[in-house]
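Student: could you look at this predicted model? Sequence included:
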Amino acid sequence: MEILFYRYNSICEPDILKVFTDFGITVQVEDMEIYDKSVTPRQCAERVAEHILSHTFAFVFSINFFPAVSYTCERLKVPYVCWSVDSPVPELFSNALKNSCNRIFLFDRAQYEFFFPVNPSCIYYLPLATNVKRWEEAVLAMTDADYETYGADVSFVGSLYTEKCRYDTLCRTLSPYTQGFVDGLMEAQLKIYGCNLIPDNLTDRVIQEIAKADPDFYKGEDTYADTDRYLVAHQYIGMKLAAVERERTLNRLAEHFDVTLYTRSDSSALPKVHCKGGVSTLTEMPRVFQASKINLNMTIRPIETGLSLRVWDILGCGGFLLTNYQAEIPDYFEIGKELETYESMEELEEKIQYYLTHEEERMEIAINGYEKAARHHTYEMRLAQMLKVLTENLPE
């Protein structure tokens with residue numbers, strides 16, 4: 001079997017590429033978008049077409065959905081397979097989503113249920129995974145000095161979303177009504193985990209005002225539905241909510257605990273947090289997860305029910321995970337045995353206090369979580385599931 005892998009430098013791509021090749025699949029790679037972020041849809045389509053016309057591919061694959069690739073595959077009658085690993089993804093509103101060539105796998109069940117009706121025979125649910133073998137190599141090579149360097153009572157690795165928050169650039173131009181409405185909606189959402197209140201509670205007035213305030217507001221010319229509500233809820237308010245939640249949570253925890261943050265975001269608003277800059281994903285991040293007593297995860301609200309990549313990777317590194325509750329967690333892990341969750345700031349503080357003083361229990365949970373991830377949630381297992389679906393659903 002030979003496939004074309006269209007790459008744009010997603011963090012997941014190297015792991016998936018290796019698994020495909022380990023499965024005996026010949027992989028041709030198109031990576032121009034890794035080196036040139038100004039690639040246009042036309043250029044993308046032309047390059048993919050060149051590959052298809054000179055090879056016989058079983059399918060074309062990408063991480064996340066590229067409408068130009070889908071349209072090209074539809075025209076040349078080649079299956080297009082993608083695994084969406086992000087949220088929000090405005091490209092899923094493209095009319096290309098309706099193409100019969102598509103085999104689209106979405107990691108968030110709520111996202112899957114939202115888009116499934118658009119193309120029921122071509123959209124599937126598939127959660128994310130982790131590369132346990134790679135993390136094992138990094139963890140087993142750790143020295144005592146590594147544990148000293150990366151050790152922490154509570155650590156968080158990730159963006160503060162301040163640099164990704166488009167709402168901040170326009171909020172001062174909004175009416176007092178809209179600013180107050182958004183502030184109130186965010187305050188309500190911050191008190192609730194496992195349920196996204198924002199999309200259904202936005203008023204048309206608020207949506208229209210935010211859309212009008214941003215001259216760069218996304219306006220897809222080839223969409224099957226209006227995207228304004230989705231974009232305002234997830235790309236504007238959702239990202240602002242992530243920034244607020246992460247800043248408040250880390251500052252509050254730092255009042256009582258030793259909290260370490262690894263981020264490339266501006267951390268000047270976190271005076272009592274130990275801010276150490278970013279870490280290398282492949283070499284330093286697994287050391288942080290393994291050496292920290294408690295690894296904190298805060299899922300951004302646009303991921304409504306699913307498990308972010310951070311969840312899988314912390315467990316894959318053998319780290320103890322304390323994460324906000326997500327509706328899909330009980331589908332894959334036993335809370336209190338393989339990981340821990342919180343549904344309020346008070347519960348988060350209580351569980352940090354508890355597990356910092358119950359080392360054996362904390363270590364047992366970390367081991368159980370690692371073993372579950374290694375047995376059931378590797379990329380090998382996920383891609384085997386994907387290939388099984390494709391075998392059953394691709395045209396002969």
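Tutor: It's in.
Student: ok, which stretches of the stretch 1-150 of the chain are helices?
Tutor: Here the stretch 1-150 of the chain has its helices, by DSSP state H, counting those that start in this stretch, at 13-22, 32-35, 41-54, 67-76, 109-115, 132-140, 144-150.
Student: want to throw those into CSV with mean pLDDT, distance to S267 and mean neighbour count?
Tutor: Where you see a C-beta, it was placed from the backbone N, CA and C, and this is true even at glycine. CSV is the format used below for those (pLDDT from 0 to 100; distance: least, Cβ to Cβ, whole Å; neighbours: other Cβ atoms under 10 Å):
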stretch, mean pLDDT, distance to S267, mean neighbour count
helix 13-22, 97, 28, 17
helix 32-35, 94, 29, 13
helix 41-54, 97, 36, 16
helix 67-76, 98, 37, 22
helix 109-115, 96, 30, 18
helix 132-140, 96, 25, 17
helix 144-150, 97, 18, 13
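Student: out of the ones you listed, nearest to T227?
Tutor: helix 109-115 (12.2 Å; Cβ to Cβ).
Student: which other helices and strands contact the closest one?
Tutor: Here helix 109-115 touches strand 102-106, strand 123-125, going by 3 or more Cβ pairs under 8 Å, 6 or more residues apart in numbering; DSSP states H and E.
Student: so where's this structure uncertain?
Tutor: Residues of the chain meeting the criterion pLDDT under 70: 395-396.
Student: compute the inter-axis angle for the longest helix anywhere in it and helix 132-140.
Tutor: Secondary structure assigned by DSSP state H gives helix 359-376 as the longest helix of the chain. Per axes from the mean of the first three to the mean of the last three Cα atoms, to 10 degrees, the angle that helix 359-376 makes with helix 132-140 is 150 degrees.
Student: run through who's touching helix 359-376.
Tutor: Helix 359-376 has contacts (Cβ atoms under 8 Å, 6 or more residues apart in numbering) with 130, 132, 293-294, 312, 315-321, 332-334, 336-340, 355-356.
Student: identify those among those that sit within strands.
Tutor: 293-294, 321, 340 (DSSP state E).
Student: which of those residues has the largest number of neighbours?
Tutor: With neighbours taken as other Cβ atoms under 10 Å, the top of the ones in strands among the contacts of helix 359-376 is L321, carrying 25 neighbours.
Student: surely that residue is in contact with N297?
Tutor: Yes - if you go by Cβ atoms under 8 Å, L321 and N297 touch, sitting 6.3 Å apart.
Student: hey, what's in contact with both of the two?
Tutor: With Cβ under 8 Å, 6+ apart, L321 and N297 have common neighbours 311, 314.
Student: hmm, back to that, what subset of the contacts of helix 359-376 is buried?
Tutor: 130, 132, 293-294, 312, 315-321, 332-333, 338-340, 355 (16 or more other Cβ atoms under 10 Å).
Student: still on that earlier bit, quick one: closest of the helices and strands packed on helix 109-115 to T173.
Tutor: Of the helices and strands packed on helix 109-115, nearest to T173 by Cβ to Cβ is strand 102-106, at 34.3 Å.
Student: contact partners of the closest one?
Tutor: Taking Cβ under 8 Å, 6+ apart as the rule, strand 102-106 contacts 59, 65, 70, 73, 79-84, 96-97, 112, 115, 119, 122-126, 386, 389-390, 393-394.
Student: what about that strand, distance to the chain center?
Tutor: Distance, stretch centre to chain centre, for strand 102-106: 16 Å (Cα atoms, centre = their mean, to the nearest Å).
Student: mind listing what's buried in that strand?
Tutor: Applying 16+ other Cβ under 10 Å to strand 102-106 flags 102-106 as buried.
Student: what about E346, distance to P215?
Tutor: Separation of E346 from P215 (Cβ to Cβ, to the nearest Å) stands at 42 Å.
Student: now swap in F114 and tell me
Tutor: From F114 to P215 the distance is 28 Å (Cβ to Cβ).
Student: cool, and V311?
Tutor: To P215, V311 is 36 Å away according to Cβ to Cβ.
Student: quick check on the spatially closest residue to N297 that is not a sequence neighbour: phi, psi?
Tutor: Once flanking residues are discounted, N297 sits nearest to T323: 3.8 Å by Cβ to Cβ, 6 or more residues apart in numbering. With angles defined as degrees, to the nearest 10, T323 sits at phi -130, psi 160.
Student: burial check on T323, number of neighbours?
Tutor: Residues lying near T323 (other Cβ under 10 Å) number 25.
Student: show me this protein divided up by domain.
Tutor: Taking automatic domain parsing as the criterion, the chain consists of the domains 2-128+379-393, 132-165+236-376.
Student: reformat those domains as TSV; add distance to L174.
Tutor: Converted to TSV, the domains of the chain look like this (distance: least, Cβ to Cβ, whole Å):
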stretch	distance to L174
domain 2-128+379-393	21
domain 132-165+236-376	11
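Student: R172: which of the ones you listed is closest?
Tutor: domain 132-165+236-376 (13.1 Å).
Student: end-to-end on stretch 317-326?
Tutor: 21 Å (Cα to Cα, to the nearest Å).
Student: chain center to that stretch, what's the gap?
Tutor: Counting by Cα atoms, centre = their mean, stretch 317-326 comes out at 15 Å from the chain centroid.
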